[in-house]
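>>> Fold the following.
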Amino acid sequence: MKKKIFKLSDFYLLESDSKILDFRCNKTNLIVWPILREEFLNLVISKLYYDSKLTNYNIKSNFVKKLSSFFKLINASMYFKNLFFNLKKKDILFFKIGYPTINLNSEVFNKNIDYYISLNKNNYVSFSRSLNFSFFKSYYDKEVYFLDFNENIIDLFSRFDKTNQKVSKEITLYLVKKIKKVFDIKLNNLEIQRLIKYNCIKINSIEKKIKFYKKLINKIKPKLAIVENASYSQNAILNYVLHNFGTCVAEPQHGIISKGHRNYNFSSLIRNNNEYKMFLPDDFLSYGKYFSESINSPLKMYNIGSPYRTQNKPKENKKYKGKKILLVSNGINLNTLPKLAKKLFFLLNKKYEIIIRPHPMEKNINMYENNKFSRFFKIDSEKNLYKSLKDKAIVISEMSTVLYDALNIVPKILMMRTKKSVFNLPNHPFEETKNLEQLIKKIKSDKHYYNKVELNKYFKNNWKQNFQKYIKKKL
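Have a look, this model is predicted:
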């Protein structure tokens, strides 16, 4: 019997029933679906498409392990930096998640946020959820308050609170039944119990995080917050608090968004619910019209452009004398690319140099260096993506923002079409390959597959002027 091919619209069935908005935190009376939504959607997607887990709910039960893990997360230098950080009233609050960095003029530079900061250096403060800080490094953004220490303490104490155990159990069992009915995915009892426990921690943390964020934001009183990943569940409470201060929340695009992206597409029930909108950003600052028109999120769209692409795209393309293939990781199912690299190495008669580019979240590249197939590929450690693309003849990925970054730079861009990429990127401008045989044939072909697209539609020109115009409107 042929398995059903699911679309994101199938996921709307999980949240199209108004009952989903009846589950509330016992201490704050806030709806809990905005805080839990991403975990449930990731759970289903993980079961359908991934060998590795996208979820966080599989928490350890042993208290000693929990405590030890917690202390590992505490960065002492980060804690001491916060002690001496003076929060003042500023018009703009920037929020960054931390890892997408490049080295710019020997400074640590966040490629998703710091370009915007460069245009507003005297009127802002930043929050960061990065786990990394060192007094021995130089940072472009020196006005940063790190949230991790406090957020980790909140999560730790939320483990021992039983207040929301009942609501956690009710919403979990409600959705577990729906997941079985819609997707024919059955969770075992251990998974269900861990999910209930994880959800209880998240719900218990709502009240504590509101108090923590209020204390900080009351000192800053920002008119505008530029929040990376604002549409994700992990930032729902931050958005809620900012809105209660009358702050406009904007999210800058940081990667692929599409009709298949779970964090930017919602059921009509959610899109039209004013209470739910308190947990979402107000505005979306997209790379271009192609992306902003591909989602149904109830946000106001502003096509700004891509600062990173504009500032780093090579002015002239190199002559492609060498035969270099760049395989781009999506950060999950990490054995896929090394296995593919080995097959390409031999099937292309050892004539091509195969390079794997890890995803930014793959901080530990030992998994590639120590892979049993590592002798068949090199690892791309270049922080600046566009420097990496300059001399590549071919870019191959299942799904990655790099496919779009390579437009009009790399002559041959190939997408490996799988159930996973069909789900995540139902529409795209790339040449598809559905099996290894097709992939080899298209690599060997003299045809460029150059993807002649109207680039301004994907990456709007003049990002600085566009962003400054947006800031002027909001302030």
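
>>> Let me see the ranges of the strands in the stretch 251-400 of the chain.
Using DSSP state E, counting those that start in this stretch, the strands of the stretch 251-400 of the chain run over 283-286, 300-303, 324-328, 353-357, 378-379, 394-397.

>>> Distance to Asn188, mean neighbour count and mean pLDDT added to those, as TSV?
Using the backbone N, CA and C atoms, a C-beta is placed for each residue, glycine as well. Formatted as TSV, the strands of the stretch 251-400 of the chain follow (distance: least, CB to CB, whole Å; neighbours: other CB atoms under 10 Å; pLDDT from 0 to 100):
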stretch	distance to Asn188	mean neighbour count	mean pLDDT
strand 283-286	38	23	98
strand 300-303	42	17	98
strand 324-328	34	23	93
strand 353-357	35	21	91
strand 378-379	37	14	87
strand 394-397	33	24	94
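
>>> TSV please, covering those strands and showing distance to Ile226.
Formatted as TSV, the strands of the stretch 251-400 of the chain follow (distance: least, CB to CB, whole Å):
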stretch	distance to Ile226
strand 283-286	8
strand 300-303	12
strand 324-328	27
strand 353-357	27
strand 378-379	33
strand 394-397	28
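
>>> out of these, nearest to Leu13?
strand 283-286 (25.0 Å; CB to CB).

>>> Parallel or antiparallel, list what pairs with that closest one.
Strand 283-286 pairs in its sheet with strand 248-252 (parallel), strand 300-303 (parallel), by DSSP bridges.

>>> Save these as TSV, and put in distance to Asn150 too.
Formatted as TSV, the strands paired with strand 283-286 follow (distance: least, CB to CB, whole Å):
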stretch	distance to Asn150
strand 248-252	20
strand 300-303	31
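
>>> Any idea which of those gets closest to Ile409?
Of all these, strand 300-303 comes closest under CB to CB, at 21.0 Å.

>>> Need the residues that contact that closest one.
Outside strand 300-303, the residues that touch it by CB atoms under 8 Å, 6 or more residues apart in numbering are 250, 282-289, 292-293, 460, 466, 470.

>>> can you tell me how far Lys383 sits from Ile20?
42 Å (CB to CB, to the nearest Å).

>>> Compare those two and say which one has the larger neighbour count.
Remark: of Lys383 and Ile20, Ile20 carries more neighbours, 23 against 15, as counted by other CB atoms under 10 Å.

>>> Any idea what the closest residue to Lys378 other than its chain neighbours is bridged to?
In space, and not counting its chain neighbours, Lys378 is closest to Ile355: 4.9 Å by CB to CB, 6 or more residues apart in numbering. For Ile355, the beta-bridge partners under DSSP bridges are Leu326, Lys378.

>>> what bits of the stretch 301-450 of the chain have low per-residue confidence?
For the stretch 301-450 of the chain, residues meeting the criterion pLDDT under 70 lie at 316-322, 331-334, 361-366, 370, 450.

>>> can you map out the helices along it?
Secondary structure of the stretch 301-450 of the chain (DSSP state H, counting those that start in this stretch): helices at 307-312, 336-347, 366-369, 385-389, 401-405, 419-424, 436-444.

>>> Would you mind writing the CA trace of the fourth one as PDB?
The one in question is helix 385-389. Taking C-alpha atoms only, helix 385-389 is exported to PDB below (Å, rounded to 0.1, in the frame of the first residue of the first chain):
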ATOM      1  CA  LEU A 385      29.800  31.400   2.400                       C
ATOM      2  CA  TYR A 386      30.300  33.600  -0.700                       C
ATOM      3  CA  LYS A 387      34.100  33.100  -0.600                       C
ATOM      4  CA  SER A 388      33.300  29.400  -0.600                       C
ATOM      5  CA  LEU A 389      31.000  29.600  -3.600                       C
END
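
>>> Give me the distance from that helix to the chain's centre.
20 Å (CA atoms, centre = their mean, to the nearest Å).

>>> Would you mark the buried spots in that helix?
Leu385, Tyr386, Ser388, Leu389 (16 or more other CB atoms under 10 Å).

>>> and the closest residue to the last one other than its chain neighbours, what does it touch?
Nearest-residue entry for Leu389: Ile409, 5.1 Å, with adjacent residues in sequence omitted and distances by CB to CB, 6+ apart. Contacts for Ile409 were tallied using CB under 8 Å, 6+ apart; they are Lys313, Pro314, Asn317, Tyr386, Leu389, Lys390.
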